[in-house]
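Asker: please work out how this folds:
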Amino acid sequence: MFWFLQALGPSGWEEAVVEAADPVQWPVNTEPGAGEDQQHHLVLRTASGESFEVWGKDRHLGQSSGTWLRAEISDVGRGVQAIEVGGRRTTVDSGGLGIFVAALTGLGFLAGALGACADAKRPIPAIAGAVAGLGAGALPVLLLF
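Answerer: Numbering: from 1, shown residues only. The predicted structure is shown next:
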């Protein structure tokens with residue numbers, strides 16, 4: 001739930017400068033394509049001194065060191081969701097695969113718990129216990145707001 005809220009939760013815009021624009025190392029037997037196929041890696045520093053790393057394939061991420069831009073930073077987990085350069089918003093890699101795996105794992109645990117509740121001799125108290133456990137696990141993440 002934390003990763004989900006970090007990627008899609010509330011956020012705010014902050015001014016940042018590109019500290020480094022490193023080329024991404026490509027596998028030995030492949031060549032980077034033109035335009036959208038080229039991977040970009042930026043190191044950003046906000047006015048408050050926080051440092052962030054972002055990745056993406058959008059050509060608007062091809063910025064040089066010293067470029068000022070706006071970064072959309074999530075309130076939960078302080079991760080960069082997007083950058084804005086010259087009035088154009090560009091999303092950056094925020095660990096979407098990690099969010100998917102975490103959600104899939106959580107749903108698997110929930111399905112296992114509900115399956116165990118269905119096999120219990122007293123399913124109503126078992127389901128109530130499973131829901132209470134889910135709420136107790138989600139409560140610390142929700143309190144981050």
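Asker: apart from its chain neighbours, what residue comes closest to residue 64?
Answerer: Using C-beta to C-beta, 6 or more residues apart in numbering and skipping residues adjacent in sequence, the residue nearest residue 64 is residue 21, 5.6 Å away. Every C-beta, even on glycine, is put in place using the N, C-alpha and C of the backbone.
Asker: any buried residues in the helix or strand hosting the one you found, and which?
Answerer: If you go by DSSP states H and E, residue 21 is part of strand 11-23. For strand 11-23, burial by neighbour count (16 or more other C-beta atoms under 10 Å) applies to 11, 14, 16, 17, 18, 21.
Asker: contacts for it, please.
Answerer: Contact with strand 11-23 is made by 40-48, 51-52, 62-75, 81, 83-84, as judged by C-beta atoms under 8 Å, 6 or more residues apart in numbering.
Asker: show me those residues that map onto strands.
Answerer: Taking DSSP state E as the definition of strands, the contacts of strand 11-23 contribute 40-46, 51-52, 68-74, 81, 83-84.
Asker: got a ChimeraX select line for the buried ones in these?
Answerer: Buried subset of the ones in strands among the contacts of strand 11-23, written as a ChimeraX selection, criterion 16+ other C-beta under 10 Å:
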select :40,41,42,43,44,46,52,69,71,72,73,74,81,83
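Asker: quick one: strands adjacent to the strand holding residue 21?
Answerer: Strand 11-23 has its sheet partners listed here by DSSP bridges as strand 40-46 (antiparallel), strand 68-74 (antiparallel).
Asker: what's the closest of these to residue 58?
Answerer: The closest of the strands paired with strand 11-23 to residue 58 is strand 40-46. By C-beta to C-beta, the value is 7.5 Å.
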